[in-house]
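In: coordinates only, no sequence provided:
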């Protein structure tokens, strides 16, 4: 059943309910005749009741058509457009706006203007945070160049991360690391600012990690291994069994 048919059927029931009410039928009697709930009857025959048409609700957005069109053409998301319209006095729902924007895009679809692009998954873009771009097989260097041109902030983040790794693991130079901290602060990127605050809180330890060849990595790894074995055996074994299992694991390691 289409939305129009559903609306017409409901409208017919509303008119019947009002007609029975005019003849003196009560809510229960009307509900039995029309095979609907008595509370629905009460709602239908209320003086101020108006049956809403979903098509009309969507068409109300035409008052904001210029704002919606402008923002869609700029590439603004539906969520952002919704916040803009609310400030302008829009009282409708987000789902209606989403449907309206989808219809707008469908009606303005022009295959001659569409440029075929490779689909890029965000998880593949994020990989450059942990691996050199050359090692990411899912995205070519040319595509990365296009991403950097389109979103300069991504290139900035990539450069910052590369310099951080270089100061920490390659050059092992604490003075370069201090310069890096100053540079990142000037960028005013909230996520990086939070990271820098954490580094500055443990700055002596970080500098020692850069300058010294020793670390507590072996101790941390052993503790994590013991915790892992303990979780596996939780509630089923005594301490002696846990001790033997750890010693056996170390023997075969």
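Out: That came through fine. Being a predicted model, the structure only gives us computed values, none of them experimental. Numbering: from 1, shown residues only.
In: what about residue 51, which SS state?
Out: Classification of residue 51 using DSSP: H, G, I helix; E, B strand; the rest coil returns coil.
In: can you verify my assumption that it contacts residue 8?
Out: No. Contact criterion Cβ atoms under 8 Å: residue 51 and residue 8 do not qualify, at 10.1 Å. Glycine gets a C-beta too; all of them are placed from N, C-alpha and C.
In: output the contacting helices and strands for the one helix or strand residue 101 maps to.
Out: Residue 101 is part of helix 94-107, with elements assigned from DSSP states H and E. Here helix 94-107 is seen to pack against helix 54-59, helix 65-73, helix 78-87 when contacts are counted using 3 or more Cβ pairs under 8 Å, 6 or more residues apart in numbering; DSSP states H and E.
In: just checking, next helix/strand downstream of it?
Out: helix 122-126.
In: average pLDDT across that following helix?
Out: Mean pLDDT, helix 122-126: 79.
In: buried sites along that helix?
Out: By 16 or more other Cβ atoms under 10 Å, the buried positions in helix 122-126 come out as residue 125.
In: check stretch 153-164 too.
Out: Using 16+ other Cβ under 10 Å as the test for burial, stretch 153-164 gives 157, 158, 160, 163, 164.
In: contacting residues for the last one?
Out: Same thing as residue 164. 177, 180 (Cβ atoms under 8 Å, 6 or more residues apart in numbering).
In: that one: which element?
Out: Using DSSP H and E, residue 164 sits within helix 152-165.
In: show me how far that helix is from its chain's centre.
Out: 22 Å (Cα atoms, centre = their mean, to the nearest Å).
In: so how far is residue 122 from residue 132?
Out: Separation of residue 132 from residue 122 (Cβ to Cβ, to the nearest Å): 19 Å.
In: helix or strand next in line after the helix holding residue 164, which one?
Out: Downstream of helix 152-165, the next assigned helix or strand under DSSP H and E is helix 174-187.
In: now do that following helix, average pLDDT.
Out: Averaging pLDDT along helix 174-187 yields 90.
In: what's around residue 38, how many residues?
Out: When neighbours are defined as other Cβ atoms under 10 Å, residue 38 has 14 of them.
In: wait, it touches residue 29, no?
Out: No. Using Cβ under 8 Å, residue 38 makes no contact with residue 29, being 9.1 Å away.
In: rewinding a little: format the buried residues of stretch 153-164 as CSV; extra columns: distance to residue 65.
Out: Shown next, in CSV, are the buried residues of stretch 153-164 (distance: Cβ to Cβ, whole Å):
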residue, distance to residue 65
157, 37
158, 40
160, 42
163, 47
164, 47
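In: out of these, which is nearest to residue 146?
Out: Comparing the buried residues of stretch 153-164 against residue 146 with Cβ to Cβ places residue 158 closest, at 13.8 Å.
In: span of stretch 184-193 from start to end?
Out: With Cα to Cα, to the nearest Å as the measure, stretch 184-193 spans 7 Å from end to end.
In: of all the residues in stretch 174-182, which ones are buried?
Out: Buried residues in stretch 174-182, counted by 16+ other Cβ under 10 Å: 174, 176, 177, 180.
In: which residues sit in contact with the second one?
Out: Contacts were defined as Cβ under 8 Å, 6+ apart; by that measure residue 176 touches 163, 166, 167.
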